[in-house]
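Asks: I would like the atomic coordinates for the input below:
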Amino acid sequence: MSSVVNRFKNALLSLDNIKAREIILEVINQATPEAASVTIEELIYRSMSDIGEGWENDAVTLAQVYMSGRICETLMLDLFPEIGAESGKGPKMAITVLDDFHLLGKRIVKSILISNGFHLLDYGTTNVEQLVERVKKDGIQILLISVLMLPSALRIKELRKALTAAGLRPYIVVGGAPFRFDRNLYLEVGADATGAHAADAVGIVKGIISTETQWHSHN
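Replies: Presented below is the predicted three-dimensional model:
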């Protein structure tokens, strides 16, 4: 791991948002040759992924994971305020964990999408009934769902049927362990796309937008 990524990760784990901000500005301004070789999204992805591995190995607390993600999101919205503007730019997006409380994957995906300029609502942990209501209420066009266990993944099929019954057809992008183990599972549950890694979300979302002229014309 390069020192700039390591320094950023340590700033996050120390909850030092001032130092984290300085490092992001260093990358933006390319203050050093090393900083010039790292993009903001790579900085966040590599740091958050390493923090996630630390949590899985009991070297990092869940609170540190949560606060690290919050710091990343706050910094991006502060340094790039247009990210938070809801002036009709791009599709209406939301991210959630379905019938689960394993929030790490969602946190990393959300931070990476925000660092790439996307705005999205965070529904936290939800169930099928709540999701249908919120997708309808918020007019969600792209719904990103993270799951940890196979039963939760299989409920996405139920979600798709419920959304269709309600006259709703958002793009559903899924991720999590069950979809890494079975690369065709996303098709079986009625999702539109899946990614093996959190960083895949950016390319998937951009691909969806490029196929929708009413969204693409605003980006």
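
Asks: any idea which element Glu26 lies in?
Replies: Glu26 is part of helix 17-29, with elements assigned from DSSP states H and E.

Asks: and that helix, what's buried?
Replies: Neighbour-count burial for helix 17-29, with 16 or more other Cβ atoms under 10 Å as criterion, is recorded at 17, 20-21, 23-24, 26-27. Every residue, glycine included, has its C-beta placed from N, CA and C.

Asks: any stretches of the chain with poor pLDDT?
Replies: 1, 31, 34-37, 81-89, 213-219 (pLDDT under 70).

Asks: care to break it down by domain?
Replies: 3-79, 86-216 (automatic domain parsing).

Asks: for the shortest one, measure first residue to last.
Replies: So the one you mean is domain 3-79. End-to-end distance for domain 3-79: 22 Å, by Cα to Cα, to the nearest Å.

Asks: any idea how far that domain is from the chain center?
Replies: In terms of Cα atoms, centre = their mean, to the nearest Å, the gap separating the centre of domain 3-79 from the centre of its chain is 15 Å.

Asks: can you list the residues that contact stretch 123-133?
Replies: With Cβ atoms under 8 Å, 6 or more residues apart in numbering as the test, stretch 123-133 has contacts from 94-101, 103, 134, 143, 155, 158-159, 162-163, 166, 168.

Asks: give me that answer again for 6 Å
Replies: Contact partners of stretch 123-133, identified using Cβ atoms under 6 Å, 6 or more residues apart in numbering, comprise 94, 96-97, 99, 101, 134, 158-159, 162-163, 166.

Asks: stretch 49-62 now?
Replies: Stretch 49-62 has contacts (Cβ under 6 Å, 6+ apart) with 9, 65, 68, 104.

Asks: same list (these) but as JSON lines, adding secondary structure, distance to Gly117 and neighbour count.
Replies: Shown next, in JSON lines, are these (DSSP: H, G, I helix; E, B strand; the rest coil; distance: Cβ to Cβ, whole Å; neighbours: other Cβ atoms under 10 Å):
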{"residue": "Lys9", "secondary structure": "helix", "distance to Gly117": "22", "neighbour count": "23"}
{"residue": "Val65", "secondary structure": "helix", "distance to Gly117": "23", "neighbour count": "22"}
{"residue": "Ser68", "secondary structure": "helix", "distance to Gly117": "20", "neighbour count": "28"}
{"residue": "Leu104", "secondary structure": "helix", "distance to Gly117": "23", "neighbour count": "22"}
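
Asks: show me which of those residues is closest to Thr32.
Replies: Thr32 lies nearest to Lys9 out of these, by Cβ to Cβ, at 17.0 Å.
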